[in-house]
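Peer 1: Kindly return the folded structure for what I paste below:
(4 chains)
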There are 2 protein chains.
Amino acid sequence: MLRAIGLRPTRQRLALGFMLFGKGDQHVTAEMLYEEAVKAKVPVSLATIYNTLHQFTDLGLLRQVAVDGSKTYFDTNVSEHPHFFIESENDLVDIPHSEGMVDQRPTPPEGYEVVRVDVVVRLRRKSR
Amino acid sequence: MLRAIGLRPTRQRLALGFMLFGKGDQHVTAEMLYEEAVKAKVPVSLATIYNTLHQFTDLGLLRQVAVDGSKTYFDTNVSEHPHFFIESENDLVDIPHSEGMVDQRPTPPEGYEVVRVDVVVRLRRKSR
DNA sequence: ATTTGTGCAAATCGTTTGCATCTGA
DNA sequence: TCAGATGCAAACGATTTGCACAAAT
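Peer 2: Modelled structure (predicted):
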């Protein structure tokens, strides 16, 4: 598969590929993936994690989600869909569809095209 | 007005308040506001800009918009509305409403409440 | 006189970059 | 062999923080 998209199947790319796509849809940050790799004793550097995430994204295997200022999230589900972001836990999850939110692409202004649409519903644990 | 919301009307807060709310809706980053202040010869530090932006946000005068990794944008229009983000120019603009996009609040999961909904349509200049 | 705000510089955090070294075809 | 990948450490940019000084009430 890596070969198919023009990337050398190296140890680290293979390992990261399995971690990302081997267990259903998930949302990861560079740091999270790095931790997981360390735990799994996969020798890989943070720099390589970033390289890989971006390469995968450019090749359409991952999708970036703009959540907020700091961390960048990558979604293994590349289809267009909205997210819940639970602020207290820094957790990003898909919104089960049909949960309201008709999500129609707006017409872009003359001369521009839509790159992607980010819909993030930010949640907080209810106090009372 | 500052007094009304419980903030001392200091020189810099007054100046920043005018810059923010004195000319219709706009979208600013800390850096942009700082530049504007410097140009207008308003003596203010970046730290104070950040303090002020956050205080105003907490008090509901501004609204934060999650655009992407780096810069944080603040919108003087605090109502819930979607945005276009023009990647090449780093420009954030309101989407003229009725442009499609039915924007219905989804039902949050048990025990959570919606803090805010960010809808960002990312645009790129059309190539051909 | 007290409390609150401001400015500076240093510290932090996620991410990127330069470059020497390694590795897969 | 050798282009492409990796790893390290330094560089970066936006934001935050600690603390001395200044300004509102």
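
Peer 1: can you give me phi and psi for the residue nearest the centre of chain A?
Peer 2: Closest to where the C-alpha atoms of chain A average out (Cα atoms, centre = their mean) is residue A:74, at 1.6 Å. The phi/psi pair for residue A:74 (degrees, to the nearest 10) reads phi -120, psi 140.

Peer 1: can you list the residues of chain A near DNA strand D?
Peer 2: Taking Cβ under 7 Å from any atom of the strand as the criterion, chain A approaches DNA strand D at residues A:7-8, A:10-13, A:43-48, A:51-52, A:69. C-betas here are computed from N, CA, C, even on glycine.

Peer 1: which one of the residues you listed has the most neighbours?
Peer 2: Most neighbours among these, by other Cβ atoms under 10 Å in any protein chain shown: residue A:52, with 23 neighbours.

Peer 1: Wasn't that residue part of a strand?
Peer 2: No. Counting by DSSP: H, G, I helix; E, B strand; the rest coil, residue A:52 falls outside a strand, being helix.

Peer 1: Over to the nearest residue to it once chain neighbours are set aside. Which of the three states is it?
Peer 2: Spatial nearest neighbour of residue A:52, chain neighbours left out: residue A:16 (5.2 Å); criterion: Cβ to Cβ, 6 or more residues apart in numbering or on different chains. Taking three-state DSSP as the rule, one finds residue A:16 in the helix state.

Peer 1: For chain A, which segments count as helices?
Peer 2: Under the criterion DSSP state H, helices of chain A are mapped to A:11-21, A:30-39, A:46-58.

Peer 1: Is DNA strand C within reach of the shortest one?
Peer 2: Yes. Using Cβ under 7 Å from any atom of the strand, a contact is recorded between helix A:30-39 and DNA strand C, made by A:30-31.

Peer 1: I'd like to check the angle between that helix and helix A:11-21, please.
Peer 2: 110 degrees (axes from the mean of the first three to the mean of the last three Cα atoms, to 10 degrees).

Peer 1: now the helices of chain A as CSV including mean pLDDT and distance to residue B:116?
Peer 2: As requested, the helices of chain A are exported to CSV (pLDDT from 0 to 100; distance: least, Cβ to Cβ, whole Å):
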stretch, mean pLDDT, distance to residue B:116
helix A:11-21, 97, 29
helix A:30-39, 97, 24
helix A:46-58, 98, 26
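
Peer 1: quick one: which of those is nearest residue A:89?
Peer 2: helix A:30-39 (12.6 Å; Cβ to Cβ).
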